[in-house]
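Trainee: predicted model and sequence below, questions to follow.
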2 protein chains.
Amino acid sequence: MQFDRKLQLATDLYQFTMGNVYVQDGKAKEEAVFDVFIRTNPFQGGYTVAAGLEQVIDYINGLCFTREDTALLKKNHPEFSDVFLDYLENFKFEGEIFAIPEGTIIFPMEPIIRVKAPLVQAQIVETTILSIINHQTLIATKASRIIEEAKGDVVMEFGLRRAHGTEAGYYGARAAVIGGCTGTSVVETEEMLERPSMGTMSHSFIQSYDTELEAFEKFVQYNPDNAVLLVDTYNTLSQGVPNAIRVFKKALADGNVTSGYGIRIDSGDLAYLSTEARKMLDEAGLESAMIVASSDLDEHLIKDLKSQGAKINSWGVGTKLITAYDCPSLGGVYKLSEIAGKPKLKVSDDPGKITNPGYKKIYRIYGKSNDMALADLITLEDEVINQDEPLTIFHPVYTWKKRNITDYYVRELLVPVFIKGECVYDCPTISEIQQHLKNEKENLWPAFKRMVNPHVYHVDLSEKLWSLKQQLLSDAE
Amino acid sequence: MQFDRKLQLATDLYQFTMGNVYVQDGKAKEEAVFDVFIRTNPFQGGYTVAAGLEQVIDYINGLCFTREDTALLKKNHPEFSDVFLDYLENFKFEGEIFAIPEGTIIFPMEPIIRVKAPLVQAQIVETTILSIINHQTLIATKASRIIEEAKGDVVMEFGLRRAHGTEAGYYGARAAVIGGCTGTSVVETEEMLERPSMGTMSHSFIQSYDTELEAFEKFVQYNPDNAVLLVDTYNTLSQGVPNAIRVFKKALADGNVTSGYGIRIDSGDLAYLSTEARKMLDEAGLESAMIVASSDLDEHLIKDLKSQGAKINSWGVGTKLITAYDCPSLGGVYKLSEIAGKPKLKVSDDPGKITNPGYKKIYRIYGKSNDMALADLITLEDEVINQDEPLTIFHPVYTWKKRNITDYYVRELLVPVFIKGECVYDCPTISEIQQHLKNEKENLWPAFKRMVNPHVYHVDLSEKLWSLKQQLLSDAE
């Protein structure tokens, strides 16, 4: 179910405008290094979940320009020279890409993807990479936050109708599963996510029958293994739940319901309705009936409902997850850090917008005794940490803030994905990525994962990188 | 550049789950009517702009299920009967669809799309239609609000890197142009939107040269007709603008810049920087140099900058438009209004969520003297307004609020799109849709278009429809 869609023109015009200058100006082959990174965690959270790499790989692998493409560019943009259009027709990505695997916890200023390639090639892939990574990383992070508050309950992604179009629903569902959702309602994802899609019925199903009772009976008859009945079409407690109980008792007695039965509440006061419904179900001997809730849920509402004692086993999350409603954009950027061997940084009046120069990598430092992540250290590519010696790291702004670390080990976060234009990376399955995130979160202290005012995880620069940055900042003045 | 992607599985599983019951229960052919409508205008605004119909038409025209699709469904969902899977393999949409044309101003509770089809068919198209319409209608409305505050300036859509994936960027750009944007940076849209994409350079272009001056010279050399220089890489006023002036003066003297030259400011205090830059450009005799601004712009910031006297000719709008940042989801729903000839409504404790029953249409009432829209009236399909007689309309809740209208004419908003499964609608071009919205907005009083606390446009029900609704509400008690 991979899409046939080619993404070579799913980019900003200025990539070609710049490429046209570079090719004519003899700069096409200058080697450039660009970093993809975020400046802040979304949702005022303490961490971010990397996602989207597999689609970036598909994009790079398929990246080429047809004669139809160049004819279109020539027609609409007379400034594009024939030598540039020829360049595009013979385009093949020849560079190197390192990336942080999907499902890894990441933090601001860390290169999620590092591209080293001839300048035109490295420039042309900017927008498409950002569009893919910004979207999936955002939704995976939102899902992870929701999963955190669901405390082990099943969470299902139900938001396609409110997604920013059907593709956003498709890849949004992928990111939601990476973030920890059990599944999604999006049928189209079944091959990609290697799991059946999920869902039961809408209000129109109930309304299409003369009575709610008849609708329930018919539904259970044809869905004995997944008999979740929507109980809020007319009146949840006076009609919906009693009708569901009546149907379940008969179906259980007749052996027509085997497993996976219950009710779904889609409106009203979920705390009150779920506790009352739970009582009614239990009193009828239906302790194994599950209660599914849906209705504009997010991590805040789930936490709130749980604190009120709501009796909900399973959560269907829609709009707030698939649109990342409270922070619908991730500000991932793609910044030049080296050109023709010269490290570069972007200066700015806003210190938070100054970039880190050079060809870099990231070490995550773990405590040996408990495998918990202690801090991350961004270094230049040629730096090696001697794990047998204590490590002193310092805050990149408040440099007197130092930490001396002993009994640790390190892991490099960036792994090779493309070498000389060839993909060298085997994409893990979705279940493996989901499990990887689970492991990552277990190795992260709760203080970084809490919903409000999380502790700030330390991402420091090596002394060598820090000195290079200071030097370039001085030179720029 | 139409995508090859098939959308038949870009839907929620429950559409098939319900279809499986309907087919086995002999209900597949019951004729159902569903309405797509919103319950509130997004962005706390006074109106909404319909968009996305062309993609809905493409979807319906291509809607069929392959053996591969049914094999996948059978494998993952053993509850799906062979008779249902056969039904899917022979699926052809045979229904009727009426819709409000794209670029039309719409209001809450009005059917934007009305589907009348055999129950399974009408049900199966729900999610995909909503996903398309909710997305494009949202972005078109946001764009229209931004255009309103730009007061005739050029507005360009630059948000692809922050869109929810590349398809959201593609169709988001379409919606942005419908809403009034002059163009977009997304190259892929050039055929669809019948216009060249737009853009100039990024900071990395400047950084890839040893000096800003050299970068500017090279850019102008190869882009004589579109020489817009990004001036904020180092220091906007002390370096960027002076360098741009130096390059423009030489290029103008040499005849190397012909038209369309200027500067772009992408950070900092746009009010201050643009007024200072304007002075510097004017003093250098470059009155025709344009100033383009970009940097997290939306309608509020544009209005604010204008009120401060910012000297900006052209606005590049990104994140806030393409994600509809302050309201990233449109709550369009798809509700059953009639089944097998029987009108239906959805009751709810929340009066705003009660639906309008029956097979309906919408009249927009205009004043004869000035062509301004006075109110909309939702009626049953068989109702005709005699335009020679005065018309009395009343508020659907506060029924004593009556208006007696004379000297008016009416327009029906819903037009036929599919009849007996065949498309009978010629989609207008994007420029025609953009012009249609412009006309629509000219016929809408400013009170409904203002950004904050807009006046509420009257959408009333005919007496016959109102009575039917009251009757069904009484019956439901």
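Mentor: Cool, the structure landed. Numbers count the residues shown, from 1 in each chain, chains lettered A, B, ... in the order given.

Trainee: residues from the stretch 201-350 of chain A in reach of chain B?
Mentor: Counting by Cβ under 8 Å from any Cβ of the partner chain, the stretch 201-350 of chain A comes close to chain B at A:201-205, A:207-208, A:218-219, A:221-226, A:233-234, A:267-268, A:319, A:323-325, A:328-332, A:334-336, A:339, A:344, A:346-350. The C-beta positions use only the backbone N, C-alpha and C, and glycine is treated the same way.

Trainee: if we go to 7 Å?
Mentor: Taking Cβ under 7 Å from any Cβ of the partner chain as the measure of proximity, the stretch 201-350 of chain A contacts chain B at A:201-205, A:207-208, A:218-219, A:222-223, A:225-226, A:234, A:267-268, A:319, A:323, A:325, A:328-329, A:336, A:339, A:344, A:346-349.

Trainee: strands - which of those land there?
Mentor: Taking DSSP state E as the definition of strands, those contribute A:336, A:339.

Trainee: tell me the buried residues in stretch A:235-251?
Mentor: A:235-237, A:239-245, A:247-248, A:251 (16 or more other Cβ atoms under 10 Å in any protein chain shown).

Trainee: and what of stretch A:279-291?
Mentor: Within stretch A:279-291, the residues that qualify as buried are A:280-281, A:284, A:286, A:289-291, counting by 16+ other Cβ under 10 Å.

Trainee: okay, that stretch in PDB with CA atoms only?
Mentor: Only the C-alpha atoms of stretch A:279-291 are listed here, as PDB (Å, rounded to 0.1, in the frame of the first residue of the first chain):
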ATOM      1  CA  LYS A 279     -22.200  -0.100  37.900                       C
ATOM      2  CA  MET A 280     -25.000  -1.200  35.700                       C
ATOM      3  CA  LEU A 281     -22.900  -3.600  33.700                       C
ATOM      4  CA  ASP A 282     -21.400  -5.100  36.800                       C
ATOM      5  CA  GLU A 283     -24.800  -5.500  38.500                       C
ATOM      6  CA  ALA A 284     -25.900  -7.400  35.400                       C
ATOM      7  CA  GLY A 285     -22.900  -9.700  35.700                       C
ATOM      8  CA  LEU A 286     -21.100  -8.200  32.800                       C
ATOM      9  CA  GLU A 287     -17.900  -7.500  34.500                       C
ATOM     10  CA  SER A 288     -15.900  -8.400  31.400                       C
ATOM     11  CA  ALA A 289     -17.700  -5.800  29.200                       C
ATOM     12  CA  MET A 290     -15.300  -3.000  28.400                       C
ATOM     13  CA  ILE A 291     -16.100   0.700  28.300                       C
END
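
Trainee: what's that stretch in contact with?
Mentor: Here stretch A:279-291 makes contact (Cβ atoms under 7 Å, 6 or more residues apart in numbering or on different chains) with A:241, A:245, A:248-249, A:261-263, A:265, A:274, A:277-278, A:311-314.

Trainee: who wins for most neighbours among these?
Mentor: Among the contacts of stretch A:279-291, A:Ile263 has the most neighbours (other Cβ atoms under 10 Å in any protein chain shown), with 31 neighbours.

Trainee: quick revisit: filter the residues of the stretch 201-350 of chain A next to chain B down to the buried ones.
Mentor: For those, buried by 16+ other Cβ under 10 Å: A:201-205, A:207-208, A:218-219, A:222-223, A:226, A:234, A:267-268, A:319, A:323, A:325, A:328-329, A:336, A:339, A:344, A:346-348.

Trainee: ok, A:His77 touching B:Pro196?
Mentor: Yes: A:His77 lies in contact with B:Pro196 (Cβ atoms under 7 Å); the separation is 6.2 Å.

Trainee: now the common contact residues for those two.
Mentor: With Cβ under 7 Å, 6+ apart as the test, A:His77 and B:Pro196 reach no residue in common.

Trainee: which SS state does A:Val155 fall under?
Mentor: Here A:Val155 takes the strand state, with states given by DSSP: H, G, I helix; E, B strand; the rest coil.

Trainee: and the residues of the stretch 201-350 of chain A next to chain B, which of them are in helices?
Mentor: Of those, the ones assigned to helices by DSSP state H are A:203-205, A:207, A:218-219, A:222, A:319.
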